[in-house]
Structure formats: structure tokens, C-alpha cells
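> Provided below are the primary sequence and the corresponding predicted coordinates.
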Amino acid sequence: MTVDSIRILLVDDHDVVRAGLRSLFDNAEDLEVVGEASSSEDAMRRTGLDLPDVVVLDVRLPDGSGIDVCREIKTRWPETGVLILTSYADQEALMEAYDAGASGYILKRVDSTGLTDAVRQVGRGEQVFGEILDAALARRIRSSGQASERTDLLSLQEKNVLELLAQGKSNKQIAEEMFLSDKTVKNYVSHILSKLEMTSRTEAATYAVSMAAERKSRYAPEDWATD
């Protein structure tokens with residue numbers, strides 16, 4: 001393994017599943033399985049002992065919910081990424097995983113390349129949810145009816161940062177475009193999330209895209225009165 005290998009903890013109550021995952025990850029030079037757990041209790045204990053970069057976690061465990069485990073891991077070890085790996089395409093569970101602090105939600109039918117890439121993304125601090133989460137977040141934002149009022153709290157510079165977030169730009173790209181330091185952009189993003197009462201840049205970006213689409217439809221040329 002390389003010095004920069006991503007350390008992985010496998011949490012699943014099926015021995016065969018864990019063995020398959022270990023074999024897959026052990027064949028990648030930049031991935032290293034440092035521990036395994038078959039229950040919620042074991043998952044918490046092994047996370048504290050092994051200090052993994054990424055916990056690959058099943059939603060359903062014999063002694064509790066993987067979502068609860070995820071929430072506890074993110075509370076105790078906030079730098080540890082959690083990738084939910086499940087057989088169930090449940091949008092409610094996906095939203096619960098997102099709210100619990102998970103960095104991704106992947107179905108077990110994913111191919112080996114897709115799974116290893118997802119682990120690498122989570123290990124880099126990125127999120128792996130896909131368009132289904134974007135749609136769910138957009139619906140939640142629209143139903144809340146409150147975020148639009150909170151944008152009045154944003155400064156002009158924060159609004160500019162939010163617009164660039166909506167374009168999918170990273171902090172580094174935003175810093176270069178706005179001639180700011182990476183640290184300043186990170187602070188702006190933190191302030192934006194706090195003022196909008198959101199938990200991640202993904203949610204803020206989805207909100208910005210949703211609001212832009214709403215403004216566009218509201219003022220679409222075809223809706224204008226003509227003589």
C-alpha cells in the first residue's frame with residue numbers, strides 16, 4: 001500500500017459480502033481495508049480503534065440502524081467519511097443518510113469500478129449521491145418556503161460565491177475566479193451554509209440552481225404580454 005492509501009472499515013453483517021469487498025479493495029493499490037465489523041456496536045468500536053478514512057456501511061445491521069451508526073460516527077469522528085452501501089433503493093433512507101452526515105449512498109448492484117471510485121471520492125472529501133438526491137433536496141427546499149427569505153441575509157460577495165457553487169466549482173476554482181484565498185472562500189461557504197441553515201455545499205448549490213430555474217420560468221419571454 002502507498003503512504004496515501006485510503007483506509008477503509010467494512011461494516012456488514014454478512015461474512016460473504018465483507019470478504020468480497022475486502023478482495024475488491026485489496027486489489028487496488030490506493031485502497032486498504034484496515035478493519036471489519038458485523039454490528040453497530042462493533043462498528044463504533046472498530047472506528048475508534050482503526051481510525052479509517054472511509055467507513056463502508058450497510059443500512060441494516062442486526063443490532064440497529066446503519067443510519068444511527070453513521071450519525072454517531074460523524075459526531076465522534078467528523079473527519080471520517082461514511083459511504084452507505086445497501087441493497088435498497090429507498091429515497092427516504094437516502095435522505096436520512098444525507099441528514100446523518102453520510103458522504104454517499106450506493107446500491108450493492110454497482111459494479112466494482114463504480115464502487116472503488118465512490119470510495120476514492122468519499123476519501124477525498126467529496127459526496128456521492130447523484131441526481132436523485134439533488135431532486136429530493138430541491139423538493140425539500142421548495143416545500144420549506146423559508147430559504148428564499150434567508151438569502152436576504154447574504155452579502156453580495158456571499159451571493160457571488162453561492163452562484164459559483166451552483167455551477168459546480170470547487171473552492172479552489174472559486175478562489176481563482178474571485179481573486180481570493182482558498183481559506184477566504186472556505187469561510188464564505190461556511191457563512192452561507194449557516195445563514196441558509198443548510199448542512200452542505202451540495203444542498204446550497206441545489207438550492208441556488210432551483211431558485212435560478214424558478215426565476216427563469218417566472219420571467220420567461222413566452223410569458224410576457226405581447227401586442
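Everything's here; your move.
> hey, where'd the helices end up in this structure?
15-26, 40-50, 66-76, 91-99, 112-123, 131-144, 147-150, 156-166, 171-178, 182-196, 201-218 (DSSP state H).
> Select, out of these, the one closest to Asp58.
Using Cβ to Cβ as the measure, helix 66-76 is the one of these that comes nearest Asp58, at 5.4 Å. C-betas here are computed from N, CA, C, even on glycine.
> For Val189, grab the count of nearby residues.
Neighbour count of Val189, defined by other Cβ atoms under 10 Å: 19.
> Is it correct that it is in contact with Val161?
Yes - contact criterion Cβ atoms under 8 Å: Val189 and Val161 qualify, at 6.6 Å.
> picking up where we left off before, so which of the helices of the chain gets nearest Leu9?
When these are compared (using Cβ to Cβ), the closest one is helix 40-50, at 5.6 Å.
> Any figure for the gap between Asp90 and Lys169?
Separation of Asp90 from Lys169 (Cβ to Cβ, to the nearest Å) stands at 31 Å.
> Settle it for me: which of those two has more neighbours?
Lys169 (18 against 13).
> what sits against that one?
Glu177 (Cβ atoms under 8 Å, 6 or more residues apart in numbering).
> Pop out the phi and psi values for it.
phi -80, psi 150 (degrees, to the nearest 10).
> any idea how far it lies from Thr184?
Where Thr184 is concerned, Lys169 sits at a distance of 15 Å (Cβ to Cβ).
> Now do stretch 96-112: everything it contacts.
So stretch 96-112 is contacted by 17, 24, 57, 59, 67-68, 70-71, 73-74, 78, 81-89, 93-94, 114-115, 118, 121-122, 125-129, 133, 137, 199-200 (Cβ under 8 Å, 6+ apart).
> Mind doing that once more with 6 Å?
Contact with stretch 96-112 is made by 24, 67, 70-71, 74, 81-85, 87, 89, 94, 118, 122, 127-129, as judged by Cβ atoms under 6 Å, 6 or more residues apart in numbering.
> do stretch 197-205 as well
Gln127, Leu137, Leu165, Ala166, Val189, Ile192, Leu193, Leu196.
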